[in-house]
Each structure stands twice: as C-alpha cells, then as structure tokens.
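J.: What shape does this take:
(chains A and B)
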Amino acid sequence: MRHVVSRSNKGNGDSRPLTEPVLLILMSLADRPRHGYALLKDIEDLSNGRVRLSTGTLYGALRRLLQDLWIERFDQEDASREKQAYRLTPAGRRQLRLELERMKHLTRTGTLRLRTGDA
Amino acid sequence: MRINQIYRALLQLYPADYRKAFAAEMLGVFEKAALEHAGKRAAFGRFATAELFGLITGAGAEWIARFTMVNSIRRRSALGICAQSGGSAVPEEVIQAQDRVSSLVGRIVHAIANHDFPAARSYAYEESKERENLRLLRERYGLEK
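T.: Predicted coordinates:
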C-alpha cells in the first residue's frame, strides 16, 4: 500500500491524495509524538470509532512513512513498555498541510455545487 | 494465551529486517489491544480476526514491496530503520543522506511509472546532487563504498 491513492493532475509527487490510514496517522502525530498503541487509540477517536487499524496495517504504514521520511522514530525515556515513539518530520508536516488544503478546497467546491443545485 | 502464539507465528511471515525493526513493538501493541477486548467474546473474535488477517496481508504487502522496490531503497530501508532503532554505527548524517537519495529514487520510479517525465527529470537532477553529497560524507567518515 502506498501513501497515495492516485496521481495528481500536475504530476507533483508531493500533492497526491493520501490514503485514509496515512492521513489519520499524520493527523495523530501532528500535535505530539505517540507510541504505536497510542496511535491506534487516537486514530479510533479521530475517526469517531469508524477506523480501527490492525497492527499489521499500522506498522506497514509506519514503515513506509519512515522510509519516505515523513515521520521519524526515536527512543523515549519513560517507564512504559513501548520505548519507541514516532513524530512528524518537517516533510511530513508539509504533506499533511497540503492534504488538508486539498480537502478544504474539495469541501468548498462541493458545498458550492450543492448550494447551486439546491437553488 | 493461544492467540499470542498465533500472532508470534504469523510475524515470522514478514521479512527478517522488518521483524527486527518492528516485531517486538507490534507484539506489545497487540497484547495491549487484546487485553482491552478480553472477556467480550464477540468483540474479541472480531478483533482477533482483523488482527490476524491484517498480519497476513501486511506480510504479503511487505514481500511484494521487497520485490518491486529498487535495490537502493531496499538497502536503505533495512539500514535506515535498524539505525533508527539504535542498531547501526553508521553516522546519522550519512543515514539521512542515504534516506534522501532513496526517497528521490522512489519518486523517480513513481514518476516514470506514471509517465510524468518532467517530474522524473527534476527528481533525477536532485538525486544526482544528493548522491554526490552522500559520496563526500562517506569519504569523510571513511566508510567503504
């Protein structure tokens, strides 16, 4: 599974839509670093319980995000069993911003068309 | 618990470097999540099915990625992720440079696959600059080619 689901019209590799699990992972890491389990729980909350990632899906996506340098892994000094935490890199933050902008644009356009249709 | 043993066994389906980087962590997360569903038979059944299915498809996806990834990404992937978990003596600066090169190679491959040749050319130009930077770094740290 790649992060992106289709090609953008301008061919810029950084502006393609993200898959939902990847978008939710990036959103979850936007405010602070998280461990794997905290990511699972937060993603469930973010999606109002609609998305519950399996560990296989979560770590597959994390591996690819690490590979593309959108997130990084670091050792956290705390008493919990999970020592490894993940955080967004500047590149990941930029991708998330781009995606949210793209969605905002779509929402605006869709709402406008609905209004036109209703009128 | 039996489900943990099945989970451990299915983790063996993943490539070795992936297991080294993530298996212990995945098992820890799975055990925590399993505890949450303990005692609720139907919910646990759904959870276990989703987890085991996710592991099988995840392992399949990793092997497919392994065979379709270009060699440089494959090398970097193993090295970079192990290094991030503290398993390598390669300087961080070199790993980051390798990461940038590999990421750009991936973008070139993706752009070519999508017949987006202007983007591929632009990534190729960036990649050649990064590769030169990597060469200089490896020279500086006395790392073999």
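J.: Which helix or which strand is home to residue 93?
T.: Using chain A. Applying DSSP states H and E as the criterion places residue A:93 in helix A:90-118.
J.: Correction: the question concerned chain B.
T.: With DSSP H and E as the criterion, residue B:93 is inside helix B:92-113.
J.: That helix and chain A, are they touching?
T.: Yes: with Cβ under 8 Å from any Cβ of the partner chain as the measure, helix B:92-113 is seen reaching chain A through B:99, B:100, B:102, B:103, B:106, B:107, B:110, B:111. Just so you know, the C-beta spots here come from the backbone N, C-alpha and C atoms, and that holds for glycine as well.
J.: ok, residue A:57 - contacts?
T.: A:21, B:54, B:57, B:58 (Cβ atoms under 8 Å, 6 or more residues apart in numbering or on different chains).
J.: Which pLDDT value goes with the second one?
T.: Residue B:54 is assigned 91 on the pLDDT scale.
J.: close enough to count as contact, it and residue A:56?
T.: Yes: using Cβ atoms under 8 Å, residue B:54 is in contact with residue A:56, at 3.4 Å.
J.: higher neighbour count, these two?
T.: residue A:56 (28 against 20; other Cβ atoms under 10 Å in any protein chain shown).
J.: how about the helix or strand containing the more buried one as PDB, C-alpha atoms only?
T.: Element membership for residue A:56 (DSSP H and E) is helix A:55-67. Once non-C-alpha atoms are left out, helix A:55-67 reads as follows in PDB (Å, rounded to 0.1, in the frame of the first residue of the first chain):
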ATOM      1  CA  THR A  55      -1.300  -3.700  14.000                       C
ATOM      2  CA  GLY A  56      -0.300  -5.100  10.600                       C
ATOM      3  CA  THR A  57      -1.800  -2.200   8.800                       C
ATOM      4  CA  LEU A  58      -0.500   0.400  11.200                       C
ATOM      5  CA  TYR A  59       3.100  -0.800  11.100                       C
ATOM      6  CA  GLY A  60       3.000  -1.300   7.400                       C
ATOM      7  CA  ALA A  61       2.100   2.300   7.000                       C
ATOM      8  CA  LEU A  62       4.600   3.400   9.600                       C
ATOM      9  CA  ARG A  63       7.400   1.600   7.800                       C
ATOM     10  CA  ARG A  64       6.500   3.400   4.600                       C
ATOM     11  CA  LEU A  65       6.200   6.700   6.300                       C
ATOM     12  CA  LEU A  66       9.700   6.200   7.900                       C
ATOM     13  CA  GLN A  67      11.100   5.200   4.500                       C
END
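J.: Output the below-cut-off pLDDT ranges for chain B.
T.: B:1, B:69-90, B:144-145 (pLDDT under 70).
J.: For residue 32, which residues are in contact?
T.: I'll assume chain A. Residues near residue A:32 by Cβ under 8 Å, 6+ apart: residue A:87.
J.: Chain B was what I was after
T.: Neighbour list for residue B:32: residue A:37 [criterion: Cβ under 8 Å, 6+ apart].
J.: secondary structure class for it?
T.: helix (DSSP: H, G, I helix; E, B strand; the rest coil).
J.: same check, this time on residue A:86
T.: With three-state DSSP as the criterion, residue A:86 reads strand.
J.: what residues are up against it?
T.: A:29, A:33, A:34, A:35, A:36, A:39, A:62, A:71, A:72, A:73, A:74.
J.: again, only using 10 Å
T.: Each residue near residue A:86 by Cβ atoms under 10 Å, 6 or more residues apart in numbering or on different chains is listed here: A:25, A:28-29, A:33-36, A:38-39, A:62, A:65-66, A:71-74, A:76, A:92.
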